[in-house]
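Colleague: Sequence first, predicted model second:
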Amino acid sequence: MAERMGAGDAQVPKLVPDRTFTYGADPLQTGDLWFPKGHINDHSVPLVIFVHGGGWKRGSKDNAASRYAPAHFTGLGYAYASIDYRLVPTARVEDQAEDVARAVNALIGDAKKLGIDTSRIVLTGHSAGAHLVALVGTDETYLKKVGLSFADIDGVIPNDGAAYEVSAQLAQAGRMMKTTYEQAFGTDPERQKALSPTHHAVAPNAPAFLLIHVQREDGVSQNKVLEAALRNGGTRVQRNEFPGTGLQGHAEINRRLGDPTYAATGVVDAWLKQLFEG
(Lines give C-alpha, C1' and ligand atoms only; values in the text may rest on other atoms or scores of the structure.)
Protein backbone atom coordinates (compact mmCIF):
# COMPACT_ATOMS: atom_id res chain seq x y z
CA MET A 1 0.00 0.00 0.00
CA ALA A 2 1.31 3.42 -0.90
CA GLU A 3 1.55 5.71 2.10
CA ARG A 4 0.83 9.41 2.19
CA MET A 5 2.96 11.73 4.22
CA GLY A 6 1.24 13.62 6.99
CA ALA A 7 1.57 17.37 7.36
CA GLY A 8 4.35 17.05 9.92
CA ASP A 9 6.35 14.54 7.88
CA ALA A 10 7.37 17.11 5.29
CA GLN A 11 9.28 18.92 8.05
CA VAL A 12 11.41 15.83 8.72
CA PRO A 13 14.37 15.64 6.32
CA LYS A 14 15.04 12.29 4.73
CA LEU A 15 18.29 10.97 6.18
CA VAL A 16 20.76 9.79 3.54
CA PRO A 17 22.14 6.30 4.32
CA ASP A 18 25.71 6.06 5.51
CA ARG A 19 26.19 3.13 3.19
CA THR A 20 24.37 0.56 1.10
CA PHE A 21 25.05 -3.17 1.06
CA THR A 22 24.14 -6.20 -1.03
CA TYR A 23 23.29 -9.68 0.15
CA GLY A 24 22.70 -11.45 -3.18
CA ALA A 25 22.91 -11.14 -6.95
CA ASP A 26 19.38 -9.87 -7.56
CA PRO A 27 19.03 -6.06 -7.82
CA LEU A 28 16.48 -6.17 -4.98
CA GLN A 29 18.81 -7.99 -2.61
CA THR A 30 20.17 -4.74 -1.22
CA GLY A 31 19.87 -2.61 1.88
CA ASP A 32 20.62 0.79 3.35
CA LEU A 33 22.46 1.28 6.62
CA TRP A 34 22.67 4.19 9.04
CA PHE A 35 24.97 4.58 12.07
CA PRO A 36 24.86 6.72 15.20
CA LYS A 37 26.59 10.06 14.83
CA GLY A 38 30.31 9.73 15.48
CA HIS A 39 30.20 5.92 15.23
CA ILE A 40 33.58 4.26 14.80
CA ASN A 41 34.02 0.68 13.76
CA ASP A 42 35.88 -0.43 16.87
CA HIS A 43 32.81 0.33 18.98
CA SER A 44 30.03 -2.22 18.42
CA VAL A 45 26.42 -1.01 18.51
CA PRO A 46 23.08 -2.85 18.45
CA LEU A 47 21.36 -3.24 15.09
CA VAL A 48 17.69 -2.81 14.14
CA ILE A 49 16.75 -4.21 10.71
CA PHE A 50 13.53 -3.00 9.05
CA VAL A 51 11.55 -4.97 6.41
CA HIS A 52 9.07 -2.92 4.36
CA GLY A 53 5.47 -3.78 3.57
CA GLY A 54 3.52 -3.62 0.32
CA GLY A 55 1.40 -6.76 0.07
CA TRP A 56 4.47 -8.91 -0.72
CA LYS A 57 4.35 -7.49 -4.27
CA ARG A 58 5.49 -3.87 -3.96
CA GLY A 59 7.25 -1.46 -1.60
CA SER A 60 10.82 -0.34 -1.11
CA LYS A 61 13.61 -0.02 1.42
CA ASP A 62 13.45 3.70 0.65
CA ASN A 63 10.44 3.86 2.97
CA ALA A 64 12.81 2.98 5.85
CA ALA A 65 9.66 2.64 8.04
CA SER A 66 9.32 6.42 8.18
CA ARG A 67 11.23 9.64 7.74
CA TYR A 68 11.65 9.62 11.50
CA ALA A 69 13.03 6.11 11.99
CA PRO A 70 16.66 6.25 10.79
CA ALA A 71 17.46 9.44 12.71
CA HIS A 72 15.47 8.35 15.74
CA PHE A 73 17.03 4.92 16.19
CA THR A 74 20.56 6.03 15.39
CA GLY A 75 19.96 8.83 17.90
CA LEU A 76 19.40 6.11 20.50
CA GLY A 77 22.82 4.67 19.67
CA TYR A 78 21.69 1.86 17.35
CA ALA A 79 22.64 1.04 13.79
CA TYR A 80 19.54 0.93 11.57
CA ALA A 81 19.10 -0.99 8.32
CA SER A 82 16.26 -1.03 5.78
CA ILE A 83 16.25 -3.82 3.22
CA ASP A 84 14.69 -4.58 -0.14
CA TYR A 85 13.69 -8.14 -1.02
CA ARG A 86 12.46 -9.95 -4.13
CA LEU A 87 8.76 -9.46 -4.82
CA VAL A 88 5.76 -11.57 -5.78
CA PRO A 89 5.09 -12.83 -8.43
CA THR A 90 8.71 -13.08 -9.56
CA ALA A 91 9.61 -14.54 -6.17
CA ARG A 92 7.63 -16.54 -3.61
CA VAL A 93 6.98 -15.58 -0.01
CA GLU A 94 9.36 -18.40 0.92
CA ASP A 95 12.08 -16.62 -1.08
CA GLN A 96 11.28 -13.34 0.65
CA ALA A 97 11.70 -14.89 4.11
CA GLU A 98 14.99 -16.35 2.97
CA ASP A 99 16.00 -12.88 1.72
CA VAL A 100 15.42 -11.50 5.22
CA ALA A 101 17.67 -14.23 6.63
CA ARG A 102 20.29 -13.57 3.94
CA ALA A 103 20.34 -9.87 4.78
CA VAL A 104 20.87 -10.68 8.45
CA ASN A 105 23.67 -13.07 7.53
CA ALA A 106 25.38 -10.47 5.33
CA LEU A 107 25.34 -7.88 8.11
CA ILE A 108 26.61 -10.40 10.66
CA GLY A 109 29.37 -11.39 8.25
CA ASP A 110 30.52 -7.77 8.03
CA ALA A 111 29.78 -6.94 11.67
CA LYS A 112 33.38 -6.50 12.75
CA LYS A 113 34.11 -4.15 9.86
CA LEU A 114 30.86 -2.25 10.40
CA GLY A 115 31.02 -2.06 14.18
CA ILE A 116 27.81 -4.04 14.81
CA ASP A 117 27.22 -6.05 17.98
CA THR A 118 26.06 -9.44 16.73
CA SER A 119 24.61 -10.33 20.14
CA ARG A 120 22.09 -7.46 19.86
CA ILE A 121 20.12 -7.70 16.61
CA VAL A 122 16.38 -7.03 16.27
CA LEU A 123 14.16 -7.59 13.24
CA THR A 124 11.18 -5.34 12.62
CA GLY A 125 8.80 -4.89 9.72
CA HIS A 126 5.45 -3.40 8.79
CA SER A 127 2.43 -5.11 7.21
CA ALA A 128 3.80 -7.77 4.82
CA GLY A 129 7.19 -7.05 6.39
CA ALA A 130 5.66 -7.78 9.80
CA HIS A 131 4.55 -11.17 8.51
CA LEU A 132 8.02 -11.88 7.10
CA VAL A 133 9.92 -11.04 10.30
CA ALA A 134 7.38 -13.01 12.35
CA LEU A 135 7.86 -15.98 10.03
CA VAL A 136 11.66 -15.79 10.23
CA GLY A 137 11.35 -15.44 14.02
CA THR A 138 9.19 -18.56 14.43
CA ASP A 139 10.30 -20.91 11.63
CA GLU A 140 14.05 -21.47 11.93
CA THR A 141 14.20 -23.02 8.45
CA TYR A 142 15.06 -19.70 6.81
CA LEU A 143 17.88 -18.82 9.20
CA LYS A 144 19.29 -22.34 9.00
CA LYS A 145 19.46 -22.11 5.20
CA VAL A 146 22.08 -19.37 5.57
CA GLY A 147 23.93 -20.93 8.51
CA LEU A 148 22.21 -18.96 11.28
CA SER A 149 19.78 -19.83 14.08
CA PHE A 150 17.40 -18.14 16.50
CA ALA A 151 20.44 -17.49 18.69
CA ASP A 152 21.49 -14.88 16.12
CA ILE A 153 18.30 -12.84 16.63
CA ASP A 154 17.73 -11.01 19.92
CA GLY A 155 14.13 -10.03 19.23
CA VAL A 156 11.38 -9.37 16.69
CA ILE A 157 8.95 -6.43 16.37
CA PRO A 158 6.13 -7.15 13.88
CA ASN A 159 4.29 -3.88 13.20
CA ASP A 160 0.57 -4.10 12.36
CA GLY A 161 0.73 -7.38 10.53
CA ALA A 162 -2.43 -9.39 9.92
CA ALA A 163 -1.41 -12.57 8.11
CA TYR A 164 0.07 -14.51 10.99
CA GLU A 165 -2.52 -17.25 10.42
CA VAL A 166 -3.06 -17.16 6.67
CA SER A 167 -6.26 -19.20 6.29
CA ALA A 168 -8.04 -17.12 8.97
CA GLN A 169 -6.87 -13.93 7.29
CA LEU A 170 -8.20 -15.09 3.94
CA ALA A 171 -11.56 -15.88 5.53
CA GLN A 172 -11.81 -12.29 6.81
CA ALA A 173 -10.45 -10.57 3.71
CA GLY A 174 -12.52 -8.49 1.32
CA ARG A 175 -12.33 -9.07 -2.42
CA MET A 176 -9.34 -6.79 -3.04
CA MET A 177 -7.20 -8.12 -0.21
CA LYS A 178 -8.22 -11.73 -0.84
CA THR A 179 -6.63 -11.43 -4.28
CA THR A 180 -3.44 -10.06 -2.69
CA TYR A 181 -3.30 -12.88 -0.14
CA GLU A 182 -3.94 -15.55 -2.76
CA GLN A 183 -1.21 -14.10 -4.97
CA ALA A 184 1.18 -14.37 -2.04
CA PHE A 185 0.10 -17.62 -0.36
CA GLY A 186 -1.80 -19.53 -3.01
CA THR A 187 -4.82 -21.70 -2.28
CA ASP A 188 -3.14 -24.85 -0.94
CA PRO A 189 -4.04 -25.11 2.78
CA GLU A 190 -0.77 -26.86 3.61
CA ARG A 191 1.31 -24.09 2.05
CA GLN A 192 -0.78 -21.47 3.81
CA LYS A 193 -0.17 -23.26 7.11
CA ALA A 194 3.57 -23.51 6.43
CA LEU A 195 3.70 -19.74 5.88
CA SER A 196 1.71 -18.90 9.04
CA PRO A 197 3.90 -17.76 11.96
CA THR A 198 1.20 -18.77 14.46
CA HIS A 199 1.59 -22.41 13.41
CA HIS A 200 5.34 -22.28 14.08
CA ALA A 201 5.14 -20.44 17.41
CA VAL A 202 4.90 -23.54 19.59
CA ALA A 203 8.71 -23.49 20.14
CA PRO A 204 11.48 -22.78 19.59
CA ASN A 205 11.30 -19.15 18.49
CA ALA A 206 13.43 -16.03 18.51
CA PRO A 207 13.91 -15.07 22.19
CA ALA A 208 11.51 -12.11 22.46
CA PHE A 209 8.64 -10.50 20.52
CA LEU A 210 6.98 -7.09 20.69
CA LEU A 211 3.69 -7.10 18.77
CA ILE A 212 2.40 -3.61 17.97
CA HIS A 213 -0.78 -2.83 16.06
CA VAL A 214 -3.72 -0.47 15.65
CA GLN A 215 -7.40 -1.33 16.06
CA ARG A 216 -8.17 -2.97 12.74
CA GLU A 217 -10.44 -5.95 13.42
CA ASP A 218 -8.35 -8.51 11.58
CA GLY A 219 -5.09 -7.11 12.97
CA VAL A 220 -6.34 -7.25 16.55
CA SER A 221 -7.51 -10.86 16.26
CA GLN A 222 -4.39 -12.02 14.42
CA ASN A 223 -2.05 -10.39 16.93
CA LYS A 224 -3.94 -11.82 19.91
CA VAL A 225 -3.75 -15.33 18.48
CA LEU A 226 -0.03 -14.99 17.71
CA GLU A 227 0.56 -13.63 21.20
CA ALA A 228 -1.17 -16.64 22.75
CA ALA A 229 0.77 -19.08 20.56
CA LEU A 230 4.09 -17.47 21.49
CA ARG A 231 3.22 -17.55 25.20
CA ASN A 232 2.25 -21.21 24.93
CA GLY A 233 5.63 -21.82 23.32
CA GLY A 234 7.41 -20.23 26.28
CA THR A 235 8.52 -17.17 24.31
CA ARG A 236 8.67 -13.73 25.94
CA VAL A 237 6.05 -11.60 24.24
CA GLN A 238 4.55 -8.17 24.77
CA ARG A 239 1.57 -6.86 22.80
CA ASN A 240 0.55 -3.21 22.59
CA GLU A 241 -2.47 -1.80 20.78
CA PHE A 242 -2.69 1.82 19.59
CA PRO A 243 -5.46 4.09 18.26
CA GLY A 244 -6.21 3.92 14.57
CA THR A 245 -8.50 2.03 12.24
CA GLY A 246 -8.60 1.03 8.60
CA LEU A 247 -5.86 1.74 6.11
CA GLN A 248 -5.23 5.16 7.63
CA GLY A 249 -4.35 3.67 11.02
CA HIS A 250 -2.37 0.91 9.34
CA ALA A 251 -0.25 3.47 7.50
CA GLU A 252 0.12 5.83 10.47
CA ILE A 253 1.72 3.31 12.83
CA ASN A 254 4.43 2.79 10.24
CA ARG A 255 4.72 6.37 9.02
CA ARG A 256 5.05 7.87 12.50
CA LEU A 257 7.21 5.26 14.21
CA GLY A 258 10.20 7.22 15.49
CA ASP A 259 8.16 10.39 15.97
CA PRO A 260 8.66 11.13 19.71
CA THR A 261 5.06 12.42 19.97
CA TYR A 262 3.59 9.14 18.69
CA ALA A 263 2.69 6.63 21.42
CA ALA A 264 4.14 3.55 19.74
CA THR A 265 7.59 5.16 19.58
CA GLY A 266 7.99 5.25 23.36
CA VAL A 267 6.80 1.66 23.71
CA VAL A 268 9.29 0.44 21.12
CA ASP A 269 12.10 2.51 22.66
CA ALA A 270 11.49 1.11 26.15
CA TRP A 271 11.30 -2.46 24.85
CA LEU A 272 14.55 -2.12 22.88
CA LYS A 273 16.31 -0.52 25.83
CA GLN A 274 15.33 -3.37 28.13
CA LEU A 275 16.25 -5.98 25.53
CA PHE A 276 19.62 -4.50 24.64
CA GLU A 277 20.65 -3.46 28.15
CA GLY A 278 18.90 -6.05 30.29
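Modeller: Ah, there it is.
Colleague: CA atoms for contacts and neighbours, from now on please.
Modeller: Fine.
Colleague: where does this protein have low pLDDT?
Modeller: Scanning the chain with the threshold set as pLDDT under 70 gives 1-11.
Colleague: hey, where'd the helices end up in the chain?
Modeller: Remark: helices assigned in the chain by DSSP state H are 69-75, 93-109, 111-114, 128-138, 141-145, 166-172, 175-185, 189-194, 197-200, 217-232, 246-255, 263-277.
Colleague: ok, residue 211 touching residue 242?
Modeller: No - in this structure residue 211 lies outside contact range of residue 242 using C-alpha atoms under 8 Å: 11.0 Å.
Colleague: what's the distance between residue 24 and residue 261?
Modeller: Relative to residue 261, residue 24 is positioned 38 Å away (C-alpha to C-alpha, to the nearest Å).
Colleague: More neighbours: which of the two?
Modeller: Under the criterion of other C-alpha atoms under 10 Å, the comparison of residue 24 against residue 261 puts residue 24 first, with 14 against 10.
Colleague: for that one, what are its contacts?
Modeller: With contacts taken as C-alpha atoms under 8 Å, 6 or more residues apart in numbering, residue 24 has the following neighbours: 30, 102.
Colleague: Run a quick neighbour tally on the closest residue to residue 72 other than its chain neighbours.
Modeller: Here the nearest residue to residue 72 in space, its sequence neighbours aside, is residue 258; by C-alpha to C-alpha, 6 or more residues apart in numbering that works out to 5.4 Å. Per other C-alpha under 10 Å, the neighbour tally for residue 258 reads 24.
Colleague: now swap in residue 193 and tell me
Modeller: The burial metric for residue 193, expressed as a neighbour count using other C-alpha under 10 Å, is 17.
Colleague: surely it meets residue 199?
Modeller: Yes - in this structure, residue 193 is within contact of residue 199 by C-alpha under 8 Å, at 6.6 Å.
Colleague: intersection of neighbour lists for those two?
Modeller: Listed as contacting both residue 193 and residue 199 by C-alpha under 8 Å, 6+ apart are residue 165.
Colleague: measure the residue nearest to residue 18 when sequence neighbours are not counted to residue 180 for me?
Modeller: Of all residues not flanking residue 18 in the chain, residue 34 sits nearest, at 5.0 Å (C-alpha to C-alpha, 6+ apart). In this structure, residue 34 lies at 32 Å from residue 180, with C-alpha to C-alpha as the measure.
Colleague: neighbour count winner among these two?
Modeller: residue 34 (23 against 18).
Colleague: more crowded one of residue 211 and residue 242?
Modeller: Applying other C-alpha under 10 Å to residue 211 and residue 242 shows that residue 211 carries more neighbours, namely 24 against 16.
Colleague: That one bridge partners, please.
Modeller: Note on residue 211: beta-bridge partners by DSSP bridges are residue 239.
Colleague: what's the distance between it and residue 120?
Modeller: According to C-alpha to C-alpha, residue 211 stands 18 Å off from residue 120.
Colleague: gap between residue 239 and residue 124?
Modeller: With distances taken as C-alpha to C-alpha, residue 239 is found 14 Å from residue 124.
Colleague: Indicate which one of the helices of the chain is closest to residue 60.
Modeller: Within the helices of the chain, the stretch nearest residue 60 is helix 128-138; the backing value is 10.7 Å (C-alpha to C-alpha).
Colleague: between residue 239 and residue 124, which one's more packed in?
Modeller: When residue 239 is set against residue 124 and neighbours are counted by other C-alpha under 10 Å, the residue ahead is residue 124, at 25 against 14.
Colleague: Hmm, the more buried one is touching residue 153, no?
Modeller: No - in this structure residue 124 lies outside contact range of residue 153 using C-alpha under 8 Å: 11.1 Å.
Colleague: my read: the residue nearest to residue 18 touches residue 83, true?
Modeller: No - with contacts defined as C-alpha under 8 Å, residue 34 does not count as touching residue 83, sitting 11.8 Å away.
Colleague: coming back round to it: out of the helices of the chain, flag the one nearest residue 15.
Modeller: Nearest of the helices of the chain to residue 15, taken as C-alpha to C-alpha: helix 69-75 at 6.8 Å.
Colleague: Now that closest one: buried residues?
Modeller: Going by neighbour count (16 or more other C-alpha atoms under 10 Å), the buried part of helix 69-75 is 69-74.
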